[in-house]
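Peer 1: predicted coordinates and the sequence they were generated for:
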Amino acid sequence: MDAIATRNLTKVYRGHIGRGAVKSLDRLTLTIAPNEVFGFLGRNGAGKTTTIKILCSLLRATTGEAFVMGQDTRRRATRKHIGYLPENPYFYEYLNPRETLDFYGELHGLTRAERAAEWDRLAGLLDLRDIAGQRVRGFSKGMRQRLGFAVALVGDPEVLILDEPMSGLDPLGRRMIRELILLLHGQGKTIFFSSHVLGDVEQICSRVGILVKGKLTTQGRLDELLNRRVNRVEIIATGLSEAAAAAVAARSDGVRESEQGRHFFVNDLDGANAVASDILQSGGTLVEFTPIRESLEEYFMREQETVS
Amino acid sequence: MRVLAVARNTFREAVRDKVLYVLLLFAAAAIFGSKALGWISIGQDIKIVKDLSLAAVSVFGVLIAIFVGTNLVYKEIDKRTIYTILCRPMHRWEFILGKYLGLAALLALVTAVMAAVAAVYVVVLGGSLDVTFFQAVLLIYGQLLLITALAVLLSAVTSPILGAIIVFSTYVVGHATSIFTELPPQFDGTFSKRVLEAVYYIIPNLSNFDIRAEAANGVPVAPGYVLWAMAYGAVYTAVLLIIASLAFQDKDV
């Protein structure tokens, strides 16, 4: 059974006077296995939030179906399995974290004793104890995100759906969220999260899907998608005579100079090794030898260009 | 229970609404000010104070129902607090009902406070209270329950401003529904007559809840009538809440 599955999910927003209908999502078919960390990528307006809102039954799909843990998302009981963190989560400003978690626990159908236990568990996990009595009104972005995560985890759902969980956070906050996602992955949870920060995705996702203008253009494992072959090597050397440097440059595909030394670029690994031994034989010192692989960012840009 | 959780929070939030206190202040001013009108009508002052105080309870109760009620669901969507609520394993009608009950509880408190102020004022002025006064207060609350249901319905489907205009118009017209049936003879057989008659059946007849004159003059009202009027309001309220739930069922938020 897939943790999340969508079949030909399409969402057309009805037009208003003077504005035509907008197709936000176009026949999206997606499957995410249990315990996967899935990164859902796309530019702003690509349809990521629309997909997430359909999964959480905040929006009705125009056509198509969505399932979480094998159950139709339109069914009430399905939502017991889902923990949702919206982008920039908003909570009642006049409640404090403890009251907030209690409220969501009650909506989740937990008894008073279960809600108290949830508070103990989540306050520890997300470091909420120091702010337990403060009203949400004065919360910083990072505090809100922590509370949002805690709310999503109320009732211990198997599937977590996170909409841009790291947007607007400082480096420390981002790191905390990353570690939390990995921790939850370790506990067997399925994590589906959208992002346009590719570095974060690359670090923690096992699979990604790329959405361009409402269409899924790619879906797969990161190591399969990215061309992991070394397509370029950067070599930095110092202590070469002008003549030796010119000879080495002749065998390279590019050269530049910096304070660190001379940078030689070679487009294949064997050639790079030959260049490196030339440098050493000419009495030079090898400072750096860096194979350059394709990053998710480069892949993502390539994908955007192909479509447009 | 999920409905009660939503209701409790709605109550807590509404109690913090500043508009509530401004309106309560005006209501108090209207109740105390009624003595001025009583004073110019020699020997009738207690009657006038009772009549105007009950009118103030009704009008300010309705204004609170309108200002808070037409914002109830709209605000949750606008402030996006609704996202983390509707994604829980709850029915959407539970949310609507919870919001409604929260405001209904607040209005019960507000009506009781305003009525108590009015009652104490009447006694201080040397008047006496009879059971009809309290029956009138109960019926005012019955009317507020109905008006609130309409406000909640509109807050789920339209903006607060449009909602407030519709609810207020309904309140005004609802107190004078007979104008739709007592038409001059030139309307006989026309299309307009049929439309106006249809409106008569749709708009709640709020004058059913109005026994202010009886309360002011100490004329007894049969308990059976009060019961009938409350039942009338309950049916209307239930229908409005069902429509609100249906309208909200598939709404994109």
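Peer 2: Now that the structure is in, tell me what you want to look at.
Peer 1: what backbone torsions are found at A:Ile210?
Peer 2: Backbone torsions for A:Ile210, taken as degrees, to the nearest 10, come to phi -120, psi 130.
Peer 1: hang on, isn't it packed against A:Gly42?
Peer 2: Yes: under the contact definition of CB atoms under 8 Å, A:Ile210 touches A:Gly42, with a separation of 6.3 Å. Just so you know, the C-beta spots here come from the backbone N, C-alpha and C atoms, and that holds for glycine as well.
Peer 1: and the closest residue to chain B within the stretch 151-300 of chain A, how close does it get to A:Met166?
Peer 2: Residue nearest to chain B within the stretch 151-300 of chain A: A:Val151 (5.8 Å; CB to the nearest CB). According to CB to CB, to the nearest Å, A:Val151 and A:Met166 sit 17 Å apart.
Peer 1: looking at those two, which is more packed in?
Peer 2: Taking neighbours as other CB atoms under 10 Å in any protein chain shown, A:Val151 and A:Met166 compare with A:Val151 leading, 27 against 22.
Peer 1: mind checking the SS state of the more buried one?
Peer 2: When the structure is reduced to helix, strand and coil (DSSP: H, G, I helix; E, B strand; the rest coil), A:Val151 reads as helix.
Peer 1: I'd say it and A:Tyr92 touch.
Peer 2: No: using CB under 8 Å as the test, A:Val151 is too far from A:Tyr92 to be in contact (11.2 Å).
Peer 1: list residues touching both of the two?
Peer 2: Each of A:Thr100 lies in contact with both A:Val151 and A:Tyr92 under the rule CB atoms under 8 Å, 6 or more residues apart in numbering or on different chains.
Peer 1: and stretch B:177-185, how far from the chain's centre?
Peer 2: Here the centre of stretch B:177-185 is set off from its chain's centre by 25 Å, with CA atoms, centre = their mean, to the nearest Å.
Peer 1: how about stretch B:88-98?
Peer 2: 23 Å.
Peer 1: likewise for stretch B:135-155?
Peer 2: A distance of 3 Å separates the C-alpha centroid of stretch B:135-155 from that of its chain, computed with CA atoms, centre = their mean.
Peer 1: and for stretch A:87-98?
Peer 2: Its chain's C-alpha centre and that of stretch A:87-98 lie 24 Å apart, by CA atoms, centre = their mean.
Peer 1: same check, this time on stretch B:66-79
Peer 2: Stretch B:66-79 has its C-alpha centroid displaced from the chain centroid by 16 Å (CA atoms, centre = their mean).
Peer 1: any buried residues in it, and which?
Peer 2: Within stretch B:66-79, the residues that qualify as buried are B:66-77, counting by 16 or more other CB atoms under 10 Å in any protein chain shown.
Peer 1: of those residues, which pair is most distant in space?
Peer 2: When the buried residues of stretch B:66-79 are compared pair by pair using CB to CB, the two farthest from each other are B:Ile66 and B:Ile77, 18.6 Å apart.
Peer 1: now do the contacts for the residue of the stretch 151-300 of chain A closest to chain B.
Peer 2: Contacts for A:Val151 (CB under 8 Å, 6+ apart) come out as A:85, A:89, A:91, A:100-101, A:104, B:84.
Peer 1: could you measure from it over to A:Gln281?
Peer 2: Here the distance between A:Val151 and A:Gln281 works out to 64 Å (CB to CB).
Peer 1: go on, A:Leu85?
Peer 2: The spacing between A:Leu85 and A:Gln281, counted by CB to CB, is 58 Å.
Peer 1: compare these two (neighbour count), which wins?
Peer 2: For the pair A:Leu85 and A:Gln281, the greater number of neighbours falls to A:Leu85 (25 against 9), based on other CB under 10 Å.
Peer 1: and that one, what are its phi and psi?
Peer 2: Note on A:Leu85: backbone dihedrals following degrees, to the nearest 10 are phi -120, psi 110.
Peer 1: is it true that it touches A:Ala152?
Peer 2: Yes: with contacts counted by CB under 8 Å, A:Leu85 reaches A:Ala152, the gap being 4.3 Å.
Peer 1: now do the shared contacts for these two.
Peer 2: Going by CB under 8 Å, 6+ apart, residues that sit against A:Leu85 and also against A:Ala152 are A:160-162.
Peer 1: save those residues as TSV, and put in secondary structure too.
Peer 2: Listed next are the shared contacts of A:Leu85 and A:Ala152 as TSV, based on three-state DSSP:
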residue	secondary structure
A:Leu160	strand
A:Ile161	strand
A:Leu162	strand
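Peer 1: out of the residues you listed, who's the most crowded?
Peer 2: When neighbours are counted as other CB under 10 Å, the busiest of the shared contacts of A:Leu85 and A:Ala152 turns out to be A:Ile161, with 27 neighbours.
Peer 1: can you give me the pLDDT of that one?
Peer 2: Here the pLDDT value assigned to A:Ile161 is 97.
Peer 1: next step: the contacts of A:Val151 restricted to strands.
Peer 2: Of the positions in these, A:Leu85 sit in strands, assigned by DSSP state E.
Peer 1: interface residues of chain B facing chain A?
Peer 2: Chain B comes close to chain A at residues B:1-2, B:5-6, B:9, B:12-13, B:16, B:79-91, B:250, B:252-253, as judged by CB under 8 Å from any CB of the partner chain.
Peer 1: alpha carbons of the host helix or strand of A:Val255, as PDB, please.
Peer 2: When secondary structure is defined using DSSP states H and E, the element that contains A:Val255 is strand A:254-258. Extracted as PDB, the C-alpha positions of strand A:254-258 are listed here (Å, rounded to 0.1, in the frame of the first residue of the first chain):
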ATOM      1  CA  GLY A 254      39.800  26.000 -19.000                       C
ATOM      2  CA  VAL A 255      42.100  28.100 -16.800                       C
ATOM      3  CA  ARG A 256      41.800  31.000 -14.400                       C
ATOM      4  CA  GLU A 257      43.800  32.600 -11.700                       C
ATOM      5  CA  SER A 258      43.000  33.500  -8.100                       C
END
